[in-house]
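> my questions concern the predicted model and sequence given below.
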Amino acid sequence: MIKKRWIKTMFVLLAALLAAGCQNTDKKEEAKDQADGNKEVYQFVDVLGQQYEAELLEAVPKNTYDLKRIKKKDGYQHYTDEAGNILSKAGIDVSEYQPSVDWSKVKASGIDFAIIRVGFRGYGQEGRLVEDAMFKSHMEGALAAGLDVGVYFFSQAVDKEEAYEEAQFVLERIRPYAVTYPVVFDTEEIKNEEARTDHLKKEQFTANCVTFCDAVKEAGYETMIYANMKWMAFTLDLNELAGYKKWYADYEPLPQCPYEFSMWQYTEKGKVPGIEGNVDLNLCFENFGS
């Protein structure tokens with residue numbers, strides 16, 4: 001009986017020690033959480049409805065848009081002044097996935113500009129540069145209809161040398177045209193397929209953006225980086241890219257991005273007269289046109 005009591009006592013003491021240890025660990029974790037809590041955070045959802053939380057970067061300029069002034073008029077989203085006057089420009093972005101476009105109907109519907117894909121780099125290890133099959137046709141048609149045009153290039157650059165090569169590829173092809181809207185560097189997550197950029201770190205993605213944009217800017221064009229909120233929060237170093245304009249993709253009813261951006265791609269399922277099927281729609285807060 002004494003032995004059993006002794007064993008029971010030892011178990012009680014051991015349990016007490018373990019509980020005390022757990023409490024100390026919990027207090028340390030709580031203290032850490034409180035220290036981390038000094039950092040402001042923001043939340044957002046991605047296109048699949050997955051919720052994320054990220055640190056709000058203090059040094060990165062914030063947008064000052066009054067979201068209540070984003071209103072749909074005549075089928076397109078616009079940014080207005082307090083009296084309801086439209087301040088923004090309505091646009092589309094197109095590629096070979098929109099092979100047939102009646103540009104006069106697009107213009108008449110109220111679209112002001114088009115961002116046209118110049119080309120892309122392949123996902124594979126070879127990383128071949130390819131011109132978009134509809135690039136020339138779309139450029140000529142949009143300009144003839146009186147739209148302002150910009151261009152974008154879908155990147156798979158794995159280093160700064162390839163990013164520079166992509167910039168030169170674009171510059172060579174846009175010289176014959178009056179490009180008044182930005183030349184955009186499009187780097188994004190490749191879902192459901194292996195990509196040559198899968199292994200890249202934040203530093204490399206960011207360096208590629210800088211290299212491409214600086215080369216384009218040096219050639220005399222406006223430049224911009226395309227990204228969604230998840231890409232901005234976790235893949236790009238926004239502190240390093242604070243001086244570069246952003247084309248922000250977000251298909252929620254209102255933009256979730258707390259940072260400065262110049263253009264908002266608000267749907268990939270837009271309907272525009274003159275275009276069969278879906279097309280991306282954009283609201284541009286700046287007037288880049290002539």
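The structure has been received and is ready for your questions.
> part of a strand, is V184?
Yes: according to DSSP: H, G, I helix; E, B strand; the rest coil, V184 belongs to a strand.
> residue ranges of the strands in this structure, please?
With DSSP state E as the criterion, the chain has strands at 41-45, 51-55, 70-73, 76-79, 89-94, 113-121, 129-131, 148-154, 183-186, 223-228, 246-249, 263-270, 279-284.
> to N208, which of these lies closest?
strand 183-186 (7.7 Å; CB to CB). Yep, even glycine has a C-beta here, placed from its N, CA and C like the rest.
> what is the distance between that closest one and the centre of its chain?
11 Å (CA atoms, centre = their mean, to the nearest Å).
> neighbouring strands - and their directions - for it?
With DSSP bridges as the test, strand 183-186 is paired with strand 148-154 (parallel), strand 223-228 (parallel).
> tabulate these (a markdown table), appending mean neighbour count.
Output for those, formatted as a markdown table (neighbours: other CB atoms under 10 Å):
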| stretch | mean neighbour count |
| --- | --- |
| strand 148-154 | 24 |
| strand 223-228 | 24 |
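> of those, which is nearest V216?
strand 223-228 (4.4 Å).
> which residues sit against the closest one?
If you take CB atoms under 8 Å, 6 or more residues apart in numbering as the criterion, strand 223-228 is touched by 46-47, 150, 152, 182-188, 209, 212-213, 216-217, 235-236, 241, 244-250, 262-263, 265.
> that strand versus strand 89-94: what angle between them?
For strand 223-228 and strand 89-94, the angle between their directions (axes from the mean of the first three to the mean of the last three CA atoms, to 10 degrees) works out to 80 degrees.
> by how many degrees do strand 223-228 and strand 41-45 diverge?
Going by the same axes, to 10 degrees, strand 223-228 makes 70 degrees with strand 41-45.
> ranges for the helices of this structure?
Using DSSP state H, the helices found in the chain span residues 2-36, 103-108, 135-144, 160-174, 202-218, 229-234.
> switch the strands paired with strand 183-186 over to TSV; also include distance to E165 and mean pLDDT.
Formatted as TSV, those follow (distance: least, CB to CB, whole Å; pLDDT from 0 to 100):
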stretch	distance to E165	mean pLDDT
strand 148-154	11	99
strand 223-228	16	98
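> among those strands, which comes closest to S137?
That would be strand 148-154 among those, by CB to CB, at 12.5 Å.
> where does pLDDT dip in the stretch 1-150 of the chain?
1-37 (pLDDT under 70).
> okay if I get the strands paired with strand 183-186 as CSV plus distance to A142?
Below are the strands paired with strand 183-186 laid out as CSV (distance: least, CB to CB, whole Å):
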stretch, distance to A142
strand 148-154, 5
strand 223-228, 18
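> list just the one of these that sits closest to D66.
For D66, the closest of those is strand 223-228, at 22.3 Å, according to CB to CB.
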